[in-house]
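Asker: with the sequence up front, the predicted model follows.
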There are 2 protein chains.
Amino acid sequence: MSTSDSPVTRIMLAVNESTIRGYPHASISSRGAFEWTLQKIVRSNASGFKLLFLHVQVPDEDGFDDMDSIYASPEDFKNMKNRDRARGLHLLEFFVTRCHEIGVACESWIKKGDPKEVICLEVKRIQPDLLVLGSRGLGPFQRVFVGTVSEFCVKHAECPVVTIKRRSDETPQDPVDD
Amino acid sequence: MSTSDSPVTRIMLAVNESTIRGYPHASISSRGAFEWTLQKIVRSNASGFKLLFLHVQVPDEDGFDDMDSIYASPEDFKNMKNRDRARGLHLLEFFVTRCHEIGVACESWIKKGDPKEVICLEVKRIQPDLLVLGSRGLGPFQRVFVGTVSEFCVKHAECPVVTIKRRSDETPQDPVDD
């Protein structure tokens, strides 16, 4: 069997920002899922794969930080939107830069909405061969208060899904953080 | 980054017999999961992967077929056990032969017990990088009467798990069959 001339394997990764730092670093679980994909799946066969990075921004995710902000003009809202956009681009740049270093083809884009629903819609639209999701690997008790994107996508995404749990030695002080 | 000298990616596949034919052919979903792994993950990089085939035999899975059998001596039981063993070996031979043709390293073995529990125990023992499971992709109504190994393993196996649903054009007349 020859598989070398078959179309590239398209792997979608849903990535998000860390909740820990104030700056748009990739979350621990996003980075873990990305590294797992490179080390265990892509390996040295960079030309056989294309990575598709989707970052879903929750419209009000910065609501809490912005409690002290004052919005007095349309310009203020525009600035806020530009800042969100800059944070999202900075996040994607991290992954795209790594892919370029390794020589694996990639694409990345930003959507707004409820992450679990947007991810499933994008899977339907893009039809990747595999969806890789990072997960904090929380216990059932912690999950109640957080809700998990990965559980929803495993059930509803119309492609194979693999969830990469965060390594226990990378769990931050508050495991709900990421 | 160089990943070419990292240890091979060890992928465990749990495989079972078809429920349709009387002879120990691989089930549709097992074959689908195997082909997906070769085409989408291993691709042309055979030396980067090792496939680990686990076949779990349910101790009484042939009970119904054997309703008309008469067991009159210890020899009868021994014959039955030998037949089970032969069926399991025949099943594994299919996968091992394909791997040899392609040049991808593999191992295969048989265990007895409840498939979902044995698979999770073997994952704990073997620690593969990924567990690939075929699934009939039944709806919630059909699932109630069948129970799904894949749902259990996605929750409980101590490694990343990916479930490959059977293609709709491969669904047999009775979708509970496989």
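Answerer: Okay, I see it.
Asker: could you use CA atoms for every contact and neighbour count after this?
Answerer: OK.
Asker: burial measure for A:D129, as a count.
Answerer: Neighbours of A:D129 under the rule other C-alpha atoms under 10 Å in any protein chain shown: 18.
Asker: mind checking the SS state of the residue nearest to it when sequence neighbours are not counted?
Answerer: The shortest distance from A:D129 to any non-neighbouring residue, by C-alpha to C-alpha, 6 or more residues apart in numbering or on different chains, is to A:R10 (5.3 Å). Secondary structure state of A:R10, per DSSP: H, G, I helix; E, B strand; the rest coil, is strand.
Asker: from memory A:R10 sits against A:F49, does it?
Answerer: Yes: under the criterion of C-alpha atoms under 8 Å, A:R10 makes contact with A:F49 at 5.9 Å.
Asker: next secondary structure element downstream of the lowest-mean-pLDDT helix or strand in chain A?
Answerer: Ranking every helix and strand in chain A by mean pLDDT, DSSP states H and E puts helix A:140-146 at the bottom, with a mean of 61. Helices and strands here follow DSSP states H and E; after helix A:140-146, the next one along the chain is helix A:149-156.
Asker: number of residues surrounding A:R83?
Answerer: Quick note: A:R83 (other C-alpha under 10 Å) scores 12 neighbours.
Asker: does A:L131 lie in a helix or a strand, and which?
Answerer: strand A:130-135.
Asker: and the helix or strand in which A:L13 is found, how far out from the chain's middle?
Answerer: Secondary structure from DSSP H and E places A:L13 in strand A:9-14. Centroid separation between strand A:9-14 and its chain, computed with C-alpha atoms, centre = their mean, to the nearest Å, is 10 Å.
Asker: for stretch A:79-90, same thing?
Answerer: 16 Å.
Asker: scan chain A for its longest helix.
Answerer: Counting residues, the longest helix in chain A under DSSP state H turns out to be helix A:74-102.
Asker: in that helix, what counts as buried?
Answerer: A:84, A:87-92, A:95-96, A:99 (16 or more other C-alpha atoms under 10 Å in any protein chain shown).
Asker: after that helix, next one along is what?
Answerer: Using DSSP H and E, the first helix or strand after helix A:74-102 is strand A:105-112.
Asker: so does that following strand get close to chain B?
Answerer: No: Strand A:105-112 stays clear of chain B (C-alpha under 8 Å from any C-alpha of the partner chain), getting no nearer than 14.8 Å.
Asker: may I have that strand exported as CSV, CA atoms only?
Answerer: Extracted C-alpha coordinates of strand A:105-112, given in CSV (Å, rounded to 0.1, in the frame of the first residue of the first chain):
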residue,chain,number,x,y,z
ALA,A,105,1.8,23.7,6.6
CYS,A,106,-0.9,25.5,8.7
GLU,A,107,-3.8,27.9,8.7
SER,A,108,-5.3,29.8,11.5
TRP,A,109,-8.3,31.9,12.1
ILE,A,110,-10.5,33.6,14.8
LYS,A,111,-14.2,33.2,15.4
LYS,A,112,-16.5,34.6,18.1
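Asker: list the strands paired with that strand, with their directions.
Answerer: With DSSP bridges as the test, strand A:105-112 is paired with strand A:49-57 (parallel).
Asker: buried residues, the strand or helix carrying A:E122. List them.
Answerer: Using DSSP H and E, A:E122 sits within helix A:115-126. Buried residues in helix A:115-126, counted by 16+ other C-alpha under 10 Å: A:115-120, A:122-123.
Asker: can you check stretch A:29-43 too?
Answerer: Applying 16+ other C-alpha under 10 Å to stretch A:29-43 flags A:29-34, A:36-43 as buried.
Asker: show me what it is in contact with.
Answerer: Identification of contacts with stretch A:29-43 by C-alpha atoms under 8 Å, 6 or more residues apart in numbering or on different chains yields A:13-16, A:48-49, A:132-136, A:163-167, A:178, B:3-4, B:6, B:9, B:41-42, B:48, B:129.
Asker: residues from chain A in reach of chain B?
Answerer: Checking chain A against chain B by C-alpha under 8 Å from any C-alpha, the hits are A:1-4, A:6, A:9, A:39-45, A:48, A:101-102, A:129, A:160-165.
Asker: compute the first-to-last residue distance for stretch A:24-32.
Answerer: The first and last residues of stretch A:24-32 sit 16 Å apart, counting by C-alpha to C-alpha, to the nearest Å.
Asker: pLDDT on it, on average?
Answerer: Averaged over stretch A:24-32, pLDDT sits at 91.
Asker: stretch A:35-53 too?
Answerer: For stretch A:35-53, the per-residue pLDDT averages 97.
Asker: could I have it exported to PDB, CA atoms only?
Answerer: Output of stretch A:35-53 as PDB, limited to C-alpha atoms (Å, rounded to 0.1, in the frame of the first residue of the first chain):
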ATOM      1  CA  GLU A  35       3.200  19.400  21.200                       C
ATOM      2  CA  TRP A  36       1.500  16.000  21.400                       C
ATOM      3  CA  THR A  37       0.300  16.400  17.800                       C
ATOM      4  CA  LEU A  38       3.800  17.300  16.600                       C
ATOM      5  CA  GLN A  39       5.700  14.600  18.600                       C
ATOM      6  CA  LYS A  40       3.300  11.700  18.400                       C
ATOM      7  CA  ILE A  41       1.500  12.200  15.100                       C
ATOM      8  CA  VAL A  42       3.300  14.500  12.700                       C
ATOM      9  CA  ARG A  43       6.800  13.300  13.900                       C
ATOM     10  CA  SER A  44       9.300  13.800  11.100                       C
ATOM     11  CA  ASN A  45       6.700  13.600   8.300                       C
ATOM     12  CA  ALA A  46       5.900  17.400   8.200                       C
ATOM     13  CA  SER A  47       4.800  17.300   4.500                       C
ATOM     14  CA  GLY A  48       2.100  14.700   5.300                       C
ATOM     15  CA  PHE A  49       0.100  17.000   7.500                       C
ATOM     16  CA  LYS A  50      -1.600  20.400   7.700                       C
ATOM     17  CA  LEU A  51      -2.500  22.000  11.000                       C
ATOM     18  CA  LEU A  52      -5.600  24.200  11.300                       C
ATOM     19  CA  PHE A  53      -5.700  26.400  14.300                       C
END
